[in-house]
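In: Sequence plus predicted model, see below.
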Number of protein chains: 2
Amino acid sequence: MSAVLTPQHPSTMADSADRSGLPRALVEWLSNILGDRFTTNAAVCLEHGSDESAYEPCPPQAVAFPGSTNEVALIVQACVAHRVPVIPFGIGSSIEGHLLAVHGGVSIDMSRMNQVIEVRAEDLTAKVQAGVTREALNKALAHTGFFFSVDPGANATIGGMVATAASGTNTVRYGTMRDNVLSLTVVTPQGQVIRTARRARKSSAGYCLTQLFTGSEGTLGIITEVVVKLHPQPEAIAAAVVHFPSVGAAVDTVIQAIQLGVPLARAELLDAMTIKAVNLHSRTTLAVEPTLFLEFSGSTAQVEEQSAALQSLVEDNGGGDFQWATRPEERSRLWTPRHHAYFACLQLRPGCRSFTTDACVPISVLAECLTETVADIQASGLQAPVFGHVGDGNFHCLLLVDPGNPEEVKTAEAVSERLMRRAIRYDGTCSGEHGVGLHKMPYLEEEHGAATVDVMRRIKRALDPLNIMNPGKVVHVQVGAA
Amino acid sequence: MSAVLTPQHPSTMADSADRSGLPRALVEWLSNILGDRFTTNAAVCLEHGSDESAYEPCPPQAVAFPGSTNEVALIVQACVAHRVPVIPFGIGSSIEGHLLAVHGGVSIDMSRMNQVIEVRAEDLTAKVQAGVTREALNKALAHTGFFFSVDPGANATIGGMVATAASGTNTVRYGTMRDNVLSLTVVTPQGQVIRTARRARKSSAGYCLTQLFTGSEGTLGIITEVVVKLHPQPEAIAAAVVHFPSVGAAVDTVIQAIQLGVPLARAELLDAMTIKAVNLHSRTTLAVEPTLFLEFSGSTAQVEEQSAALQSLVEDNGGGDFQWATRPEERSRLWTPRHHAYFACLQLRPGCRSFTTDACVPISVLAECLTETVADIQASGLQAPVFGHVGDGNFHCLLLVDPGNPEEVKTAEAVSERLMRRAIRYDGTCSGEHGVGLHKMPYLEEEHGAATVDVMRRIKRALDPLNIMNPGKVVHVQVGAA
């Protein structure tokens, strides 16, 4: 380690602090390096300490806007020297409090690192800076014949999606972020730049740092560049909306399709309340029943074959009232209610905030877990639409609460807690795709056991001994504890 | 940590050592627990210190045959207390020296942990003990309609395949071991039993220990149970063998198919020398030319469509002379030469040993890398058949040498070294699927950079501070070094 890393105890900085509370020397140094791309402006800080969750903002003391991996390394080196936390910021779409600066520090906003560095069509890979959004990447790929598959609800940055191991509606076919990341460039807590892997499609050369940093939520290092996998644009796509007498019937249809090896491109479940919400929001007239939004892709013949196989399963399970779409604009119209479901649900109760859950269970117990959860919500008196990625066993309840009503907030927290415990009891996870952040930390030990969390803590302490990287998230560690 | 983990300095044990050199107290304790499933017999030790590589055996001091995860934990706890290394042993098919006891210690033979614990067809998962072989697992699945996809050359154990992040001929379609492991039970270097994940298909709940232990080669813990993903048996399968004027033409055919999204089930390249070897070994009369062994699977219509698409690409690339097979016994006969390629090649030169290489590069540069490599082999005067998994960019050269001829051994090592550097230069890896073991350690830093290997070393030291788990493999660490 170089001299720049020598830790300086916070108490020694007190009398040389800036208005922001940061050491004056650090503020001067970062201002020198970054000019107006470093700020302690309160409004900018507040914006960088607010996310999409139901929780209160917690602003950082300053925000830096680096333009390169090298600048990120310089920022980290300076912050480490002053023992000041760094918190990476993608686009602010976290719903688990990932970017809240609970120990103060500098937010590193990646929005200026928004270049698609290289598209390698022959290898089905693209290299991007971490601040590229998924929509921007797909726009850059528009005429290549390839696309990037992972599509969480928000137009998140690729770096943020790596950091939370995100997934989305395409995951049933193309996998999560974990399946679509080949290699990462990371600034370590020592301020060094590393590459986790080369560009071969597979490797057994040492510990898999790519997957260790994927899902590490900024607590082990800052992801600055990502090599992602691309997929060929399918020749044909068909979309369908179909209604079911029960959530169980809809889930069974999808499970049976997966067991038969029908390669579903998407399989999204919306419960009756979500349908009510999207009808109001998107002016659609869908039957207010449990509904699957499906997509098939491949060659024209494959799509026809898959559609026919699914149609027969739907009938077996008592579903029906198919609406089909094949042309791009029709498909887009058919899927619009699903894409707007989150915001449509929030509008069921204007002024509300949503406690959004993220349980994921083995698909064989999904219907059971869903049914119990809906009964629990009904008993609680809360309004809470439910939708999810059936093929992955992952579903979200939007527990809509009046933030000014502490009783309701308490009820929502209790329902959410019971759901996490229920998911764990069904051998599932409290977080299928949103990450741990601040809010799932209390359940990590219940899910994995104390000894497993101890291994995670050993890793955190080994890589980030000063606890400088997004401290207070994922696992609790004490600086200097053995 | 419990009292049993208090380290005992080796020098204090010297006068209480057993014939094996192990502390007498440890030998007595393990004999008490395991009875005749613990031995210091020289022949058994030699067998457990020999692998399939070209390198000399290096036997452990004793071998333990645990029957349960709990017994593995007891063995590890006892060995840690005496600072004696433990080396997990699957079936001994490593070709990188993984199981050589370079620092002595106790080999933990997993062959008695050979139970398929649970098959969950609805979830497409199976839970197995680490000593189950891939063939045994598929036999147990025979009538379920599902199969386990990863198929390295050897009939390896599932635990060994996790430990090396193995892959095989199905990887182009179904992925490597990384893509097919859901959760692991691991005995940590502290002798604790952990589970890395629950059984949901995806999770963002904390650091991904499943992928950290996958490919860790026994250096971070001992894998005792594995939850793997299963895949539906396809309705139809067609196999084909087709010849090409050059390696480049064969490779281009496969790349073009992948770019078009044709879901190849298998795409194996055998060079002319390998074909010569398999003709001799399997009494086939294949044209002695670069040859692809292909497989297509899916519904009958899909297989027909894929086969037609491939046939047209083959013609475009100047290939031809197709042989097709669809019925199981025909397919099996068609694929026999590929399955026997490794042993067929060894018999090109009776008494020889093989230095087997494992380069893997981005597929766009595979043909170039292969062509340079073949030229280098020819210039060296060595006999070296080449075959590989084209869709993954991974190929193996079997450098056949007379072990009694030091000049030849030196030449083979030099060719192998040049190939590793070439793969790295092409942004690939020195190990696509065999692991680092002993033999690739010198190239890890060249591949990843010193700072990346430093992160790996931090992880090793944090999880295994006494360096008790398969020491001397993957990364060098010094006990007690900061």
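Out: Thanks, I have it. This one's a predicted model, so the numbers in the text were calculated from it and none came from an experiment.
In: then stretch A:257-276 to CSV, C-alphas only?
Out: Taking C-alpha atoms only, stretch A:257-276 is exported to CSV below (Å, rounded to 0.1, in the frame of the first residue of the first chain):
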residue,chain,number,x,y,z
ALA,A,257,-44.1,-24.9,-19.7
ILE,A,258,-40.7,-24.8,-18.1
GLN,A,259,-40.8,-28.5,-17.3
LEU,A,260,-41.6,-29.2,-20.9
GLY,A,261,-38.7,-27.1,-22.0
VAL,A,262,-40.8,-24.5,-23.8
PRO,A,263,-38.4,-21.6,-23.9
LEU,A,264,-40.6,-18.8,-22.6
ALA,A,265,-39.1,-15.4,-23.3
ARG,A,266,-41.2,-13.7,-20.6
ALA,A,267,-43.8,-14.8,-18.1
GLU,A,268,-45.2,-12.1,-15.9
LEU,A,269,-48.0,-12.5,-13.4
LEU,A,270,-50.3,-9.6,-12.4
ASP,A,271,-52.9,-10.1,-9.7
ALA,A,272,-56.4,-8.7,-10.0
MET,A,273,-55.6,-5.6,-8.0
THR,A,274,-52.6,-4.8,-10.3
ILE,A,275,-54.9,-5.3,-13.3
LYS,A,276,-57.4,-2.8,-11.8
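In: List the buried residues of that stretch.
Out: A:257-259, A:261-276 (16 or more other Cβ atoms under 10 Å in any protein chain shown). Where you see a C-beta, it was placed from the backbone N, CA and C, and this is true even at glycine.
In: which among those are in contact with chain B?
Out: The subset of those within reach of chain B, by Cβ under 8 Å from any Cβ of the partner chain, is A:258-259, A:261.
In: Closest to residue B:94 out of those residues?
Out: residue A:261 (33.4 Å; Cβ to Cβ).
In: quick one, what contacts the closest one?
Out: B:231-235, B:298 (Cβ atoms under 8 Å, 6 or more residues apart in numbering or on different chains).
In: buried subset of these?
Out: Buried subset of the contacts of residue A:261 (neighbour count, 16+ other Cβ under 10 Å): B:231-232, B:234, B:298.
In: Turn those residues into a markdown table, including pLDDT and secondary structure.
Out: Listed next are the buried ones among the contacts of residue A:261 as a markdown table, based on pLDDT from 0 to 100; DSSP: H, G, I helix; E, B strand; the rest coil:
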| residue | pLDDT | secondary structure |
| --- | --- | --- |
| B:231 | 97 | strand |
| B:232 | 95 | strand |
| B:234 | 94 | coil |
| B:298 | 92 | strand |
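In: Tabulate those residues in TSV, adding columns for distance to chain A.
Out: Below are the buried ones among the contacts of residue A:261 laid out as TSV (distance: Cβ to the nearest Cβ, whole Å):
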residue	distance to chain A
B:231	7
B:232	4
B:234	6
B:298	8
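In: residues in the stretch 51-200 of chain A within reach of chain B, list them.
Out: Near chain B, when you scan the stretch 51-200 of chain A using Cβ under 8 Å from any Cβ, you find A:120-125, A:145, A:164-167, A:171, A:175-176, A:178-179, A:188, A:192-200.
In: Show the low-confidence segments of the stretch 1-150 of chain A, by residue range.
Out: Residue ranges of the stretch 1-150 of chain A with pLDDT under 70: A:1-15.
In: Helices along the stretch 301-450 of chain A, start to end?
Out: A:328-339, A:341-346, A:366-380, A:406-425, A:441-448, A:450-463 (DSSP state H, counting those that start in this stretch).
In: closest to residue B:253 out of those?
Out: Among the helices of the stretch 301-450 of chain A, if distance is taken as Cβ to Cβ, the winner is helix A:328-339, at 31.2 Å.
In: Contacts for that closest one next, please.
Out: So helix A:328-339 is contacted by A:153, A:169, A:237-241, A:268, A:270, A:275, A:278-279, A:281-282, A:284, A:286, A:293, A:295, A:323, A:325, A:344, A:387 (Cβ under 8 Å, 6+ apart).
In: With stretch A:128-146 instead?
Out: A:90-91, A:110-117, A:119, A:121, A:124, A:126, A:147-148, A:150-152, A:155-162, A:223-226, A:228, A:230-233, B:259.
In: Just the residues you listed: which are in helices?
Out: Counting by DSSP state H, the contacts of stretch A:128-146 place A:158-162, B:259 in helices.
In: Quick check: of these, which lies closest to residue A:34?
Out: residue A:159 (18.6 Å).
In: Contacts only, for that closest one.
Out: Residue A:159 neighbours (Cβ under 8 Å, 6+ apart): A:88, A:90, A:110, A:113, A:129-131, A:223-224, A:226.
In: Now do the domain split for chain A, please.
Out: Chain A breaks down into these domains under automatic domain parsing: A:3-111, A:116-232, A:236-340, A:349-425.
In: Is residue A:215 located within a helix, as I assumed?
Out: No. Assessed by DSSP: H, G, I helix; E, B strand; the rest coil, residue A:215 does not belong to a helix; its assignment is coil.
In: how near is the residue in the stretch 51-200 of chain A that chain B sits nearest to to residue B:366?
Out: Residue of the stretch 51-200 of chain A nearest chain B, by Cβ to the nearest Cβ: residue A:122 (3.7 Å). Residue A:122 sits 10 Å away from residue B:366, going by Cβ to Cβ, to the nearest Å.
In: just residue A:288 next, same as before
Out: 54 Å.
In: more neighbours, the two?
Out: In terms of neighbours (other Cβ atoms under 10 Å in any protein chain shown), residue B:366 is the more surrounded of residue A:288 and residue B:366; the figures are 31 against 15.
In: What confidence value was assigned to the more buried one?
Out: For residue B:366, the pLDDT comes out at 96.
In: I'd say it and residue B:395 touch.
Out: Yes. Between residue B:366 and residue B:395 there is a contact at 7.4 Å, judged by Cβ atoms under 8 Å.
In: Need the helices of the stretch 301-450 of chain A in TSV (columns: distance to residue B:28).
Out: As requested, the helices of the stretch 301-450 of chain A are exported to TSV (distance: least, Cβ to Cβ, whole Å):
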stretch	distance to residue B:28
helix A:328-339	66
helix A:341-346	64
helix A:366-380	50
helix A:406-425	42
helix A:441-448	36
helix A:450-463	28
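In: State the mean pLDDT of stretch A:190-203.
Out: Stretch A:190-203 comes out at a mean pLDDT of 97.
In: quick one: terminal-to-terminal distance for it?
Out: 26 Å (Cα to Cα, to the nearest Å).
In: so residue A:241 makes contact with residue A:295?
Out: No. With contact defined as Cβ under 8 Å, residue A:241 does not count as touching residue A:295 (10.4 Å).
In: Confirm residue A:75 sits in a helix?
Out: Yes. Secondary structure of residue A:75 (three-state DSSP): part of a helix.
In: Cross-check the contact I'm expecting between it and residue A:30.
Out: Yes. Applying Cβ under 8 Å, one finds residue A:75 in contact with residue A:30, separated by 6.5 Å.
In: Can you work out which residues contact both of those two?
Out: By Cβ under 8 Å, 6+ apart, residue A:75 and residue A:30 have these common neighbours: A:64, A:106.
In: on that earlier part again, out of the ones in helices among the contacts of stretch A:128-146, which one sits closest to residue B:356?
Out: Nearest to residue B:356 among these: residue B:259, at 29.8 Å, using Cβ to Cβ.
In: So the closest one versus chain A, what's the distance?
Out: According to Cβ to the nearest Cβ, to the nearest Å, residue B:259 stands 6 Å off from chain A.
In: That concludes my questions; thank you for your assistance.
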